[in-house]
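Q: coordinates only, sequence not included:
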């Protein structure tokens, strides 16, 4: 056995029984080492050092913590020790992050750039990624624009160096970075996004695509919110043209359009209804399922906006026209169902009875569903139905529907773990929708002077969530109602 392993149990016991003695002896032990015997010893010594950084900084012994970190870096200079070296940097900087944020930013950036330069395999980028994600926000808040931009660029270049296999990590890093920048410094986000878009316009294969849906939606939302509609439209068009030039780009092009119109629905609903419906009309007679997907996506966004604009008749006409077009295509059942669910969901708020009447026949089809694709749309409809029933105080009906959906998913073999998703949807509706529904019915009974009706709904509220603010308020109102009688 090596030295560190021999004393490992001793230091563990000492740390638990006498922290001060552990700090002194363990620090002296590591500082006295001149070399590491192998991977096992390197890992054990790194673990030991990691236990020392926090107490040293808490005791305001930062010079000792810095010296320990330098010692560990010196002990792990060999290429075979690169992962323990990174683990030590992560442990030291993780503690420094909270003890001295300013020093963390300075030393952390040095560590990141050194780690990226020394990286010879994808796993060697892990430390830099973790540290960068801790530093992005701090640098942005401090308005250190050049530093966070340089840090992000270095991460992207390092991931690109190791090929297409790191593309997902590069996208995730850009999305996280963009989300922070859009929130903290939206003007700078717009500037940096332009460079990313230029990359997108020049892609020649899918593995080069630099945009996530979230990143793109933040960009479109900002442009549309600032009334730069023509620029947003031009960006949308150029991205679709770029994807149209590369093999397999059609699904991404459809996603880009969906993101664009989703942003319009959020920031410029009037434009969505004006321009989006024109685009739907132009695509109203698809000859293939692929052509039908785009108007289906747009209609799913337009239906609720039309209902909110008191244009329900127009939504109904669009739905019926599109259903007729889909009926002429082979194997369009799933898309027809998805469009019907989108339309029905738009009715759940303004016309709950119409929604429930239309939802029931569709939900009954769950018993015959045999695949995840069959079930996923129906479970989406069930989620909205749970909430609608709860708002009406029909808890038993919602419970019965949930049991039927669970049975249907179980019969199909629970593909993709859909049973758990349905359970979460039901619990969420129960925790909020039921309370809202029972409280509304309670208030209605109070307004009508119906003591027994109010008592019934108050009892239900107390059974479901006695500490909820609405239950507390209901007890107060019920007491007043009784006193009034």
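A: Yep, that arrived. Since this is a predicted model, take the numbers as computed values, not measurements. Residues are numbered from 1 along each chain as shown.

Q: Every contact and neighbour count from this point should use C-alpha atoms.
A: Noted.

Q: shaky segments in this protein?
A: Across the chain, the ranges flagged by pLDDT under 70 are 1-8, 79, 283-284, 485.

Q: Quick check, central residue of it?
A: residue 214 (9.1 Å; CA atoms, centre = their mean).

Q: and the helix or strand hosting it, what does it pack onto?
A: Applying DSSP states H and E as the criterion places residue 214 in helix 213-225. When contacts are defined as 3 or more CA pairs under 8 Å, 6 or more residues apart in numbering; DSSP states H and E, helix 213-225 sits against helix 167-184, helix 229-244, helix 250-267.

Q: So which bits of the second one are buried?
A: This means helix 229-244. Neighbour-count burial for helix 229-244 flags 229, 232, 235, 236, 238, 239, 240, 242, 243 (criterion: 16 or more other CA atoms under 10 Å).

Q: would TSV of the helices and strands packed on helix 213-225 with distance to residue 409 be doable?
A: Shown next, in TSV, are those (distance: least, CA to CA, whole Å):
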stretch	distance to residue 409
helix 167-184	31
helix 229-244	37
helix 250-267	28
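
Q: Residue 304: which of the ones you listed is closest?
A: helix 250-267 (9.7 Å; CA to CA).

Q: The closest one: what's the following helix or strand?
A: The helix or strand immediately downstream of helix 250-267 is helix 269-271, counting by DSSP H and E.

Q: quick one: the helix or strand just after that following helix to chain centroid distance?
A: Next helix or strand after helix 269-271 toward the C-terminus (DSSP H and E): helix 277-282. Its chain's C-alpha centre and that of helix 277-282 lie 31 Å apart, by CA atoms, centre = their mean, to the nearest Å.

Q: Stretch 314-324 now?
A: On CA atoms, centre = their mean, the centre of stretch 314-324 falls 32 Å from the chain's centre.

Q: again, but for stretch 467-475
A: Its chain's C-alpha centre lies 32 Å from the corresponding centre of stretch 467-475 when counted by CA atoms, centre = their mean.

Q: sorry, back to before: how much space separates the residue nearest to the centre of the chain from residue 176?
A: 9 Å (CA to CA, to the nearest Å).

Q: Please apply the same query to residue 158.
A: To residue 176, residue 158 is 17 Å away according to CA to CA.

Q: With residue 469 instead?
A: In terms of CA to CA, residue 469 sits 36 Å off from residue 176.

Q: do the same with residue 91
A: Distance from residue 91 to residue 176, by CA to CA: 22 Å.

Q: contacting residues for the nearest residue to residue 297 once chain neighbours are set aside?
A: Spatial nearest neighbour of residue 297, chain neighbours left out: residue 258 (6.4 Å); criterion: CA to CA, 6 or more residues apart in numbering. Going by CA atoms under 8 Å, 6 or more residues apart in numbering, residue 258 touches 294, 297, 298.

Q: buried stuff in whichever strand or helix holds residue 106?
A: Per DSSP H and E, residue 106 falls inside helix 101-118. Buried residues in helix 101-118, counted by 16+ other CA under 10 Å: 101, 104, 105, 108, 109, 111, 112, 113, 115, 116.

Q: The fifth one reaches residue 151, doesn't it?
A: The one in question is residue 109. Yes: counting by CA atoms under 8 Å, residue 151 is a contact partner of residue 109 at 7.4 Å.

Q: Give the residues shared as contacts by the two.
A: residue 132.

Q: roughly how far is stretch 135-142 from the heart of the chain?
A: A distance of 21 Å separates the centroid of the chain from that of stretch 135-142, by CA atoms, centre = their mean.

Q: same question but for stretch 59-77, I mixed them up
A: For stretch 59-77, the distance to the chain centre is 38 Å (CA atoms, centre = their mean).

Q: just the angle between the helix holding residue 214 and helix 229-244, please?
A: 150 degrees (axes from the mean of the first three to the mean of the last three CA atoms, to 10 degrees).

Q: Quick one: distance of helix 213-225 to the chain centre.
A: On the basis of CA atoms, centre = their mean, helix 213-225 sits 16 Å off its chain's mean C-alpha point.

Q: what residues does that helix touch?
A: Applying CA under 8 Å, 6+ apart, the external contacts of helix 213-225 come out as 174-175, 178-179, 182, 190, 193, 229, 231-232, 255-256, 259-260, 262-264, 266-268.

Q: can you check stretch 429-448 too?
A: 383, 386-388, 390-393, 395, 451, 453-455, 457-458, 460-461, 464-465, 470-471, 474, 477-478, 481.

Q: So for residue 91 and residue 176, which residue has more residues nearby?
A: More crowded of residue 91 and residue 176, by other CA atoms under 10 Å: residue 91, with 19 against 14.

Q: three-state assignment of residue 211?
A: Here residue 211 is recorded as coil under DSSP: H, G, I helix; E, B strand; the rest coil.

Q: hang on, isn't it packed against residue 199?
A: No: the pair residue 211 / residue 199 is not scored as a contact, 9.3 Å apart, by CA under 8 Å.

Q: the more surrounded of the two?
A: When residue 211 and residue 199 are compared for neighbours, residue 211 comes out ahead with 20 against 14, by other CA under 10 Å.

Q: ok so, going back, just the buried ones from the contacts of residue 258?
A: Buried members of the contacts of residue 258, scored by 16+ other CA under 10 Å, are 294, 297, 298.

Q: so how far is residue 279 from the first one?
A: Translated: residue 294. Counting by CA to CA, the gap from residue 294 to residue 279 is 9 Å.

Q: try the second one
A: Note on residue 297: its distance to residue 279, by CA to CA, is 11 Å.

Q: After whichever strand or helix holds residue 452, which helix or strand is next? Please name it.
A: Secondary structure from DSSP H and E places residue 452 in helix 451-464. Following helix 451-464 in sequence order, the next helix or strand is helix 469-484 (DSSP H and E).

Q: counting contacts, what elements does that following helix pack onto?
A: Contact partners of helix 469-484 among helices and strands, from 3+ CA pairs under 8 Å, 6+ apart: helix 434-447, helix 451-464.

Q: cutoff 7 Å now
A: Here helix 469-484 touches helix 451-464, going by 3 or more CA pairs under 7 Å, 6 or more residues apart in numbering; DSSP states H and E.

Q: And the contacts of the helix it packs on?
A: 435, 438, 441, 442, 445, 446, 471, 474 (CA atoms under 7 Å, 6 or more residues apart in numbering).

Q: Let me know how buried the closest residue to the last one other than its chain neighbours is, in neighbour terms.
A: Just to be clear, that refers to residue 474. The shortest distance from residue 474 to any non-neighbouring residue, by CA to CA, 6+ apart, is to residue 458 (6.5 Å). By the measure other CA under 10 Å, the count of residues near residue 458 is 25.

Q: Next, find the distance separating residue 476 from residue 470.
A: Taken as CA to CA, the span from residue 476 to residue 470 is 10 Å.

Q: neighbour count winner among those two?
A: The neighbour comparison of residue 476 against residue 470 (other CA under 10 Å) goes to residue 470, with 19 against 11.
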